[in-house]
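In: predicted model, plus sequence, below.
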Amino acid sequence: MNLLYILNSEGLDVLDYNEEIAILVDDRGFGKVGNPIFEVKSEDDLVFVLAGK
């Protein structure tokens, strides 16, 4: 099964959180109505705002 289909996404972006963790997000997540918004703070005190499920 295709990962884009499973995630209900047209494209993906990868956020390299650290050397061990990568976070996949919908590259058009902010444009989809009803998607929750998450704020993730990295170990280096960087703040990332992500949208999606």
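Out: That came through, no problem. Here the structure is a predicted model, which is why all the values come from computation and not from measurement.
In: going forward, measure contacts and count neighbours with C-alpha atoms only.
Out: Fine.
In: what helix or strand is residue 49 located in?
Out: Element membership of residue 49 [criterion: DSSP states H and E] is strand 47-51.
In: centre of the chain versus that strand, how much separation?
Out: How far strand 47-51 lies from its chain's middle: 8 Å, per C-alpha atoms, centre = their mean, to the nearest Å.
In: report the buried residues of it.
Out: 50, 51 (16 or more other C-alpha atoms under 10 Å).
In: now the helices for the chain?
Out: Along the chain, counting by DSSP state H, helices occupy 3-6.
In: partner strands of the strand holding residue 49 and their direction?
Out: strand 37-41 (antiparallel) (DSSP bridges).
In: who touches the partner strand?
Out: Strand 37-41 is contacted by residues 30, 47, 48, 49, 50, 51, 52 when judged by C-alpha atoms under 8 Å, 6 or more residues apart in numbering.
In: for the residue most central in space within the chain, give its distance to residue 2.
Out: The residue lying closest to the centre of the chain (C-alpha atoms, centre = their mean) is residue 25, at 2.3 Å. Using C-alpha to C-alpha, to the nearest Å, we find residue 25 at a distance of 15 Å from residue 2.
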